[in-house]
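Asker: have a look at this prediction, sequence included:
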Amino acid sequence: MKTAYWFQGGGCGGDTFSFLSSDVPNVVELLQSLKIQLLWHPSFSHISPTEHDQLLDGILSREQPLDLLLVEGSIICGPAGTGMFHTKNGQPKKEIVYKLASSAQVVLAVGTCASFGGFGADDAIEA
């Protein structure tokens, strides 16, 4: 069985709604048929924040194998490249996702925001 961790970045949640709204197959059937154990998803995982921190520590220390990292949403880098606009326990999430990606066998960008940065990616406005 392959393991997967769903990282939700900034400015997006639409792909989660699309994923959860699928009927045939539904999410549980899809994961079972692909033989994927979803370790974490922010919308429907039922572990406590402490258990999530322990899971994250296990993945980052490579005690918990991670086959697939699914990244939804953009990676927030502001202000001034620090990533401090989007943090977990005082650490920029951009650093956490980088470490997760280094631990994963495969990294998948889920949706437009993860693939292209979403609406926050373009800092130039054309008239």
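Answerer: Yep, that arrived.
Asker: pLDDT below threshold where in this protein?
Answerer: Within the chain, the stretches with pLDDT under 70 are 119-127.
Asker: let's see it at 50
Answerer: Along the chain, the model assigns pLDDT under 50 to residues 124-125, 127.
Asker: what lies in contact with the strand ranked longest in it?
Answerer: Of all the segments of type strand in the chain, defined by DSSP state E, the longest one is strand 2-8. The contact list for strand 2-8 (CB atoms under 8 Å, 6 or more residues apart in numbering) reads 16, 34-42, 59, 64-73, 93, 96-97, 100, 104, 110. Placement of C-beta: from N, CA and C, glycine included.
Asker: and the helices in the chain?
Answerer: 14-20, 27-34, 49-60, 93-103, 112-116 (DSSP state H).
Asker: in a markdown table: those helices, plus mean neighbour count and distance to residue 7.
Answerer: Shown next, in a markdown table, are the helices of the chain (neighbours: other CB atoms under 10 Å; distance: least, CB to CB, whole Å):
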| stretch | mean neighbour count | distance to residue 7 |
| --- | --- | --- |
| helix 14-20 | 15 | 11 |
| helix 27-34 | 12 | 17 |
| helix 49-60 | 14 | 10 |
| helix 93-103 | 17 | 5 |
| helix 112-116 | 17 | 9 |
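Asker: I appreciate the help and will end here.
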